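Engineer: output the structure for:
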Amino acid sequence: MRATTDAEAQLSVRAVILGVLLAAIMAVANTYLGLFASMTIASAIPSAVVSMAVLKLLGGGSILENNIVQTGGSAGSSTATGIIFTAPALVMLGYWQHYSYAWIFGFAALGGVLGVLFTVPLRRALIIDQKLRFPEGVAAAEVLRAGSDPTRGARLLGWAAAAGGTLKLLAGNGLQMIPDNFGFAAWVGRSIFYVNNACSAALLGVGYLCGINGSMCIAAGGIIAFNIGLPLYLHFILPHNAELSAAVAGLSATDAAGLLWSRQIRYVGVGTMLVGGLWTIFSIRGAIWNSLRAAMNATRAIGGAVADHREQDLPLRTMLVGLAVCTVPLFFMYHHVVGSVLVSIPMTLAMIVLAFIFCAVSAYLTGLVGGSNDPVSGMIISTVLAGSALLLVLTGGNAALGPVAAVMIGAAVCCALCVASDNLQDLKCGHLVGATPWRQQVMLAVGVATSALVIAPILNLLANAYGIGVPDAAHPRPLSAAQSVLISSVSKGLFGGSLPWDMVIIGVALAVIVIALDEWLKRGGSGIRTPVLAVAVGVYLPQEYTLPLGIGGVLSWLVDRARARAGERGDSHANRGMLMAAGAIAGESLMGVIIAVPIVASGRADVLALPESWHFGQWLGLLLFATFAVAIYRAATARRDPR
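Structural biologist: Next comes the predicted model:
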């Protein structure tokens with residue numbers, strides 16, 4: 001790949017078009033993945049690989065053109081994350097009957113652009129002054145520099161995407177040749193033995209990308225919920241709950257486990273996540289102060305003449321005008337909901353302050369430890385709690401209005417912090433390859449706007465086909481949307497709603513135990529940690545999602561060991577295993593959206609199902625799942641070509 005100078009095109013027409021297309025694709029894929037698995041993946045490296053392959057077919061592209069494309073493509077995942085972690089809560093609260101195009105676009109575009117604007121001082125503070133690592137940005141730069149033959153990586157991505165999409169098509173709502181899960185449940189006396197694993201290439205890929213520590217903590221949370229919490233609940237609590245005892249009587253072990261988990265045990269995860277979010281913010285209080293102080297110092301430095309194009313951010317005047325352009329529409333959106341200037345003005349100010357604080361926190365943490373360890377859930381919960389405290393005073397505890405307004409503050413803040421932390425990775429990559437920062441910031445804003453255009457229709461499509469968050473007669477197994485369910489439950493509970501507080505209190509106790517264990521492990525220096533938010537997510541997700549995540553983490557550990565024995569870097573993100581995992585995630589996610597189209601059009605969940613003679617048992621699903629795991633391992637550990 002040839003080098004380039006600032007005189008050559010970075011924001012070329014073909015780079016912008018390709019970046020916009022990838023932003024839309026990544027937004028669609030991550031919207032499905034985030035609702036399905038309650039996690040999203042960074043898309044910078046897959047976007048870079050695709051960009052290099054496509055531009056090579058068009059005659060070759062410079063490293064800076066490819067950097068612009070991956071910057072635009074990565075906006076798709078961050079914008080989708082900000083919306084899907086918050087907006088579904090507004091439907092669950094009953095405020096929306098469907099996903100309003102205008103409101104979703106407003107939160108995504110305005111909140112996302114705020115995140116872009118806040119990266120102007122943060123780039124100088126964290127990349128230039130403090131020289132933080134930003135590991136995903138460094139990995140993306142290495143991919144761009146090593147892209148002499150990008151078609152290999154693109155073929156690997158394409159093969160894995162086809163495999164992931166095919167597995168999704170064969171299962172569940174597709175051809176129904178294999179079940180979604182491989183599981184077993186049985187009554188053992190008054191208790192239930194329960195194991196369930198989704199045969200999902202995407203979940204395996206997410207676990208692989210999370211690594212052994214985070215994915216095993218999530219899997220441990222699922223074990224705590226289903227294999228420890230469920231038997232204890234059946235023995236000690238259920239006999240004292242006549243209503244639930246009657247509901248469980250006569251049910252199969254699988255149905256009883258699902259009922260008790262959804263109504264009671266998952267709220268242990270609520271308590272764990274509440275304490276975990278507050279603890280995370282408290283434990284990084286020094287980092288918060290350092291990042292804010294550095295950002296304010298950098299803000300005062302913006303505006304002077306800069307001779308080196310590699311240091312040219314958006315001008316301070318542009319930043320301030322953009323801040324006003326985003327803030328004013330958000331004020332009117334809030335005012336439309338609350339109908340009082342005395343409430344909407346403080347809401348808007350709180351949103352701006354919280355957005356800047358959490359953008360700085362999120363960016364600082366991703367600079368230190370990478371995006372996969374960024375506690376977005378904790379910051380969203382903290383935002384909703386802070387917004388709720390303000391609104392309790394301003395609205396007098398209005399149970400109908402308060403939760404909705406708190407979630408709306410959280411939606412804009414979440415979009416801003418997700419985009420900001422992701423963009424800092426892109427800017428780190430650009431800094432290493434010699435890009436111009438303001439051009440990347442412009443491209444990211446374009447990518448945010450593009451992503452905002454496609455998210456609402458996809459949300460409505462998925463809601464109609466699968467359901468989101470809340471089971472009903474038409475959608476008994478909806479997409480989990482765990483963060484949104486949590487936020488709606490917490491915000492409603494704070495304004496006088498009902499929560500199973502005994503389960504929440506147990507979750508608080510669990511959080512204290514996990515935090516104490518994590519602190520003890522940290523002092524031991526073994527490198528093993530138990531992040532409380534990862535455990536909380538595991539308790540809050542169905543076990544069918546948490547077990548494949550754990551398997552993916554073990555797979556990544558095995559790959560790292562094999563590569564270490566071969567003398568290669570075991571922790572590199574820029575390897576073939578990562579590309580296989582990312583491809584599987586994209587393929588399954590896009591296939592999930594594609595399958596939803598005929599389901600919605602026909603009104604039948606089984607519209608694609610083959611005759612029963614073509615239906616196979618769950619062992620075939622497990623075999624295909626295992627085969628894909630072996631394929632990732634072999635691709636990731638294969639010897640590199642001598643050249």
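Engineer: all contacts plus neighbour counts: C-alpha atoms, from now on.
Structural biologist: OK.
Engineer: gap between residue 11 and residue 229?
Structural biologist: 54 Å (CA to CA, to the nearest Å).
Engineer: more neighbours, these two?
Structural biologist: residue 11 (20 against 17; other CA atoms under 10 Å).
Engineer: quick check: that one is in a strand.
Structural biologist: No: going by DSSP: H, G, I helix; E, B strand; the rest coil, the assignment for residue 11 is coil, not a strand.
Engineer: torsion angles phi and psi at it?
Structural biologist: Phi and psi for residue 11, reported as degrees, to the nearest 10, are phi -80, psi 60.
Engineer: can you tell me which residues contact it?
Structural biologist: Applying CA atoms under 8 Å, 6 or more residues apart in numbering, we find residue 11 in contact with 65, 68, 439, 443.
Engineer: out of those, who's nearest residue 237?
Structural biologist: Nearest to residue 237 among those is residue 443, at 55.0 Å by CA to CA.
Engineer: chain neighbours aside, what residue packs nearest to the closest one?
Structural biologist: residue 72 (5.5 Å; CA to CA, 6 or more residues apart in numbering).
Engineer: now swap in residue 356 and tell me
Structural biologist: That would be residue 118: by CA to CA, 6+ apart, it lies 6.7 Å from residue 356.
Engineer: my guess is that neighbour contacts residue 418. True?
Structural biologist: No: using CA atoms under 8 Å, residue 118 is not in contact with residue 418; the gap is 11.6 Å.
Engineer: give me the more crowded residue out of those two.
Structural biologist: residue 418 (29 against 25).
Engineer: mind checking pLDDT for the more buried one?
Structural biologist: On pLDDT, residue 418 comes in at 90.
Engineer: can you name the farthest residue from the center of this protein?
Structural biologist: residue 189 (39.5 Å; CA atoms, centre = their mean).
Engineer: that one and residue 234, how far apart?
Structural biologist: 10 Å.
Engineer: for residue 490, same thing?
Structural biologist: Where residue 234 is concerned, residue 490 sits at a distance of 25 Å (CA to CA).
Engineer: more neighbours: the two, which one.
Structural biologist: residue 490 (22 against 17).
Engineer: a strand runs through the more buried one, doesn't it?
Structural biologist: No: looking at residue 490 with three-state DSSP, it is helix, so not inside a strand.
Engineer: what about this protein, any weak spots by pLDDT?
Structural biologist: 1-9, 146-149, 284, 287-288, 290-310, 368-375, 497, 568-575, 639-643 (pLDDT under 70).
Engineer: ranges for the strands of it?
Structural biologist: Using DSSP state E, the strands of the chain run over residues 181-188, 191-198.
Engineer: how far off centre is the last one?
Structural biologist: For strand 191-198, the distance from its own C-alpha centre to the chain's C-alpha centre is 26 Å (CA atoms, centre = their mean, to the nearest Å).
Engineer: quick one, it and strand 181-188 angle?
Structural biologist: Strand 191-198 runs at 180 degrees relative to strand 181-188, counting by axes from the mean of the first three to the mean of the last three CA atoms, to 10 degrees.
Engineer: so what strands line up beside strand 191-198?
Structural biologist: Using DSSP bridges, the strands paired with strand 191-198 are strand 181-188 (antiparallel).
Engineer: show me which parts of the partner strand are buried, residue by residue.
Structural biologist: 181-183, 185 (16 or more other CA atoms under 10 Å).
Engineer: out of those residues, which is nearest to residue 358?
Structural biologist: When the buried residues of strand 181-188 are compared against residue 358 (criterion: CA to CA), the nearest one is residue 181, at 37.5 Å.
Engineer: could you find the closest non-adjacent residue to that closest one?
Structural biologist: residue 198 (4.1 Å).
Engineer: measure that neighbour to residue 144 for me?
Structural biologist: Counting by CA to CA - residue 198 and residue 144 are separated by 34 Å.
Engineer: over to residue 629?
Structural biologist: With CA to CA as the criterion, residue 629 and residue 144 are 27 Å apart.
Engineer: more neighbours, the two?
Structural biologist: Set residue 629 next to residue 144 and count neighbours by other CA under 10 Å: residue 144 wins out with 25 against 20.
Engineer: how about the nearest residue to the more buried one, chain neighbours excluded?
Structural biologist: Closest to residue 144 by CA to CA, 6+ apart is residue 63, at 6.3 Å.
Engineer: neighbours of the one you found, how many?
Structural biologist: So residue 63, with other CA under 10 Å, has 25 neighbours.
Engineer: check the one 3 residues further on too.
Structural biologist: Applying the criterion other CA under 10 Å, we find 28 residues in the vicinity of residue 66.
Engineer: check contacts around it.
Structural biologist: By CA under 8 Å, 6+ apart, the contact list for residue 66 reads 15, 48, 51-52, 55, 144.
Engineer: could you redo the last one with a cut-off of 6 Å?
Structural biologist: Counting by CA atoms under 6 Å, 6 or more residues apart in numbering, residue 66 makes contact with residue 51.
Engineer: equivalent analysis for the one 3 residues further on, please.
Structural biologist: Residue 69 sits next to 15, 19 when contact means CA under 6 Å, 6+ apart.
Engineer: then residue 33?
Structural biologist: residue 589 are the contacts of residue 33 under CA under 6 Å, 6+ apart.
Engineer: how far out from the middle of the chain is stretch 437-455?
Structural biologist: With CA atoms, centre = their mean, you get 18 Å for stretch 437-455.
Engineer: quick one: closest of the strands of the chain to residue 480.
Structural biologist: strand 191-198 (13.2 Å).
Engineer: so which of the strands of the chain comes closest to residue 132?
Structural biologist: Here strand 191-198 is closest among the strands of the chain (CA to CA), at 37.5 Å.
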